[in-house]
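# Fold the stuff below for me.
(chains A and B)
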Amino acid sequence: MTENVVEFRKATKLYAGVPAIDGVDFQLRRGEIHALVGENGAGKSTLSKALAGVVTLTSGQLFIDGAAVLPKTPLEARHLGVAMVFQENSLVPTMTVAQNLFLGQEHFYNRLRGIYIAAQQFLQSLNFDVPPTATVSLLGAAKKQMVEIARAVLHQAKVIIFDEPTATLTPEEKAYFFDLVRDLKKRGVSVVFISHALEEALLLADRITVLRDGKHVVTDDVANFDRAKIVQAMVGRDLSNTLYGKRKTTVRRPGERVLSVQNLKMAPMVKNNSLSVFAGQITGVFGLVGSGRTETFKIVAGVLKRDFFHGGEILLKGKPVRYRVPAPAVQAGVAYVTEDRKVEGFFETMSIARNIYLGLLSKFPRGRFFLSAGEAQQTGDDWISRLKVRAISPKAKVVELSGGNQQKVVIAKSLTQEPDLIVFDEPTRGVDVGAIVEIHELINRLADEGKAVVVISSYLPEILALSDRILVSRQGKVVEEFSALDATEEKIMYAAIH
Amino acid sequence: MIGALKDFTDRILGRGHAAITVPPFDGALRPNQILEHAEIAAEFAQPNDLASHGGVLYVADGTNLLRLAADAPQPVRRFDREVTALCALPDGRLAVALDGCEIRIVASNGSDDQDVVIGGAGMTAVNALAPAPSGTLLATDGSSEHPPARWVHDLMSRGATGRLLSIDIDAKQVRVLASGLHHAFGVAAMGDGALVSESWRHRMLSFAATGTPRAPLEHLPVYPSRLCPAAGGGYWLTAFIGRTQLVEFVLRENGYRRRMMAEIDPEFWIAPRLSSGHSFREPMQGAHLKTMGIIKPWAPPRSYGLVIRLNADCSPRYALHSRVDGNNHGVVAVAELGDALYVLAKGAGRLLRLSSTAIEAEFGV
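Predicted structure coming up:
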């Protein structure tokens, strides 16, 4: 029997020609807890999903127990003894714990009482205090996690992958979860633990692997790591990369306070969050996934609602506002450029011109009774030339454009509304290099024109290159503010994690 | 009727005026430790206010009026009551408020031959004085119900009886320019009008000679206090205490607050203080806890030290802080003397000295 239960050799996964992981070597030993850490987009999830059969490698090899395998579905991976516990748990909320445990293993005739008894015995054998008859939706996050783990063990998994398992747990639940993972280790199960919380990785793992930009950086025993070393490995990209230009030597002076968010709450993502945004400045917002930055600004833009009771206050130019839908926010001068353009940004089978025209129409409180094809065409032409959208014609469908040009259409939709406050959420995600430069120029131009600009990004060089001031979000609230003049990648990452 | 219904729903839902929210210290108010690390120029038992004129710094300390010469305080004059406000007039004389209910114009050398006494007009808590260009004297009367030392009682009873006064020194006449202010505490001339700190509303109000007052600066995360014109234009604004969600909550809970005021020693009220950390019986506030023997610097403060540099339009330019783990709290006055910026931290009983040039360099101004 080999020492490694799992081994990746030169694992590569391409999405539309772009590598999510690139030639990664990774070994998981039998009965070890192995932490995978890295920035957003480092390739942690892709590597795990390749192991769990959710995605298939483009090239490279995967060995499980020394045998070369290529699981194409999660079911195949499960048969190989690999189970993955996703961040958003995959339980059916309306079913009971026992039903969830045996989901997929049903017989032609199922006796509910028999399932409950089997589940009860199995949960007791794991020392999990979860009633098998309880409906999953009524369980707390930790108990749901237990059911997920129990299901993985029930499937006789020898490898369990946890993707951000502690993001929704309370400190007490976390402690209990750690005990569960250690118990799994004692049973000989190998665990891959993905987390942004470095202290958890240092506390729980036997070994740590750091990925960066889809490449393997370092793997070592946990004793040879400390927080600073991990952070350095996570962010130590080639800073000579000139795509994002040189560091700022001057920053724009703040103008009027356009937005003041005070003690905003939206359980469980936004927790008593407070921040301000000023005119004539780019406010960069950095945070790891789940830090509540997107949700905060979606509440500002009326896309999400804050808590009904004591949800905090949002002041727009000093006046309290509460938008239940985006339309009044647009009319008040707030534009939100979504991070998920394919779902929320545009109608992909409609033309560029019509998509942009839709942005303009949302500015009118009562809509328009008659729509003008000529005005739509003119608006489209105007913004296509202003933002240099590369398309055959304004009548081209948005789905036919490249990612960068699609993003420009989404931005144009927002800019037609002439906003005073514009929030760019991951403005260059999935965008080609040339378009990145153009989008950055546009964002800078907007700030120079006196607009209050917010840039939410998970990519530190982008935040550093664009921002005049940088807010760092962690666990649902802004925890640190830096001037762009004295911020460094290490400082920002440290604030985002600790 | 609709207003009452809205008040009721706001209270239930925690919205509108019933929202328990505090703006963040960010942007120009981004925290630092400049005030905490400032040089201590002198220490006093009961410092109250500062004034500067002709290269001399005057300090009101309890019943004493002192001048700071060669860094050592020299007595100028002793009064029979506490000096609650002080300012220098363009002609070199000094205006002092005694016990908040009388204003006296005195010579800067301390002689009492030419004292001008102005009283009456219902003055109760005169806490700030400033010369106006028209030759008059501007004053803020914090409360008509509580003397200056009982400012915390005024806050906890949600006092709104503050006034802005204009005083004709020669005629000894007092004119009320504005009333119903939520604890006026700080005034400076602004053109031919006045700029006033309205502490309990966390804002600055500007009163023009004509027209309605406007708020050029509001939604502050602190309770503003005295201000003085800055040599380079704009103003220096002090904040004597900081806001916290816990105090905002207590201010909303009338029954609780009344009982607390009736039964608890004011020292231990859930209320802001000029200094804190003197007794284990002080209420802990939110994360105001020690970890490994160190108070977390980001903890909500019971007391705080802050000076804000304002532009001429009252927009904040930068701020000097002494945070929750510091000592230089309860800042009530600031004065410029050449390159030196003197800050009076009443909570710590300290007069602090900073270099204006160094501060401007620090903030890249």
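
# Can you name the residues of the stretch 1-150 of chain B sitting close to chain A?
The interface of the stretch 1-150 of chain B toward chain A, taken as Cβ under 8 Å from any Cβ of the partner chain, is made up of B:12-16, B:19-24, B:26-28, B:30. From N, CA and C alone the C-beta is placed, and that goes for glycine too.

# let's see 7 Å
B:13-14, B:16, B:19-24, B:26-28, B:30 (Cβ under 7 Å from any Cβ of the partner chain).

# Give me the most central residue, the chain.
All of this is about chain A. Centrality entry for chain A: nearest residue to the mean C-alpha point is A:V289, 4.1 Å, by Cα atoms, centre = their mean.

# oops, chain B please
Centroid-nearest residue in chain B, with Cα atoms, centre = their mean: B:S225, separated by 2.0 Å.

# for it, what are its contacts?
Contacts for B:S225 (Cβ atoms under 7 Å, 6 or more residues apart in numbering or on different chains) come out as B:F185, B:G186, B:S197, B:S199, B:T238, B:A239, B:F240, B:V332.

# Can I get the buried part of the residues you listed as one ChimeraX selection?
Remark: buried members of the contacts of B:S225, expressed as a ChimeraX selection using 16 or more other Cβ atoms under 10 Å in any protein chain shown:
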select /B:185,186,197,199,238,239,240,332
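
# among the contacts of B:S225, which are in reach of chain A?
Applying Cβ under 7 Å from any Cβ to the contacts of B:S225, none is adjacent to chain A.

# Which ones among the contacts of B:S225 lie within strands?
Mapping the contacts of B:S225 onto strands (DSSP state E) picks out B:F185, B:G186, B:S197, B:T238, B:A239, B:F240, B:V332.

# which SSE is the residue nearest to the centre of chain B in?
Assigned by DSSP states H and E, B:S225 belongs to strand B:222-229.

# do the same with A:S276
Element membership of A:S276 [criterion: DSSP H and E] is strand A:270-278.

# other SSEs contacting that strand?
Packing partners of strand A:270-278 (3 or more Cβ pairs under 7 Å, 6 or more residues apart in numbering or on different chains; DSSP states H and E): strand A:257-266, helix A:293-300, strand A:452-457, strand A:477-483.

# mind redoing it with 10 Å?
Counting contacts by 3 or more Cβ pairs under 10 Å, 6 or more residues apart in numbering or on different chains; DSSP states H and E, strand A:270-278 is packed against strand A:257-266, strand A:281-287, helix A:293-300, strand A:313-316, strand A:452-457, strand A:469-474, strand A:477-483.

# does any part of the third one sit near chain B?
Read it as helix A:293-300. No. Counting by Cβ under 10 Å from any Cβ of the partner chain, chain B is not contacted by helix A:293-300; separation bottoms out at 12.3 Å.

# Would you mind getting the angle between that helix and strand A:257-266?
With axes from the mean of the first three to the mean of the last three Cα atoms, to 10 degrees defining the directions, helix A:293-300 sits at 110 degrees from strand A:257-266.

# swap in the last one?
Using the same axes, to 10 degrees, one finds that strand A:477-483 and strand A:257-266 are set 150 degrees apart in direction.

# Give the partner strands of strand A:477-483 in its sheet and their orientations.
strand A:469-474 (antiparallel) (DSSP bridges).

# Just the CA atoms of the partner strand, as CSV, please.
What follows is strand A:469-474, C-alpha atoms only, in CSV (Å, rounded to 0.1, in the frame of the first residue of the first chain):
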residue,chain,number,x,y,z
ARG,A,469,-8.2,54.3,0.1
ILE,A,470,-8.6,50.7,0.9
LEU,A,471,-11.1,49.1,3.2
VAL,A,472,-10.5,45.5,4.3
SER,A,473,-13.6,43.4,5.1
ARG,A,474,-13.6,40.4,7.2
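
# Determine how far that strand lies from the middle of the whole chain.
Put simply, strand A:469-474 sits 16 Å off its chain's centre (Cα atoms, centre = their mean, to the nearest Å).

# State the mean pLDDT of that strand.
If you average the pLDDT over strand A:469-474, you get 93.
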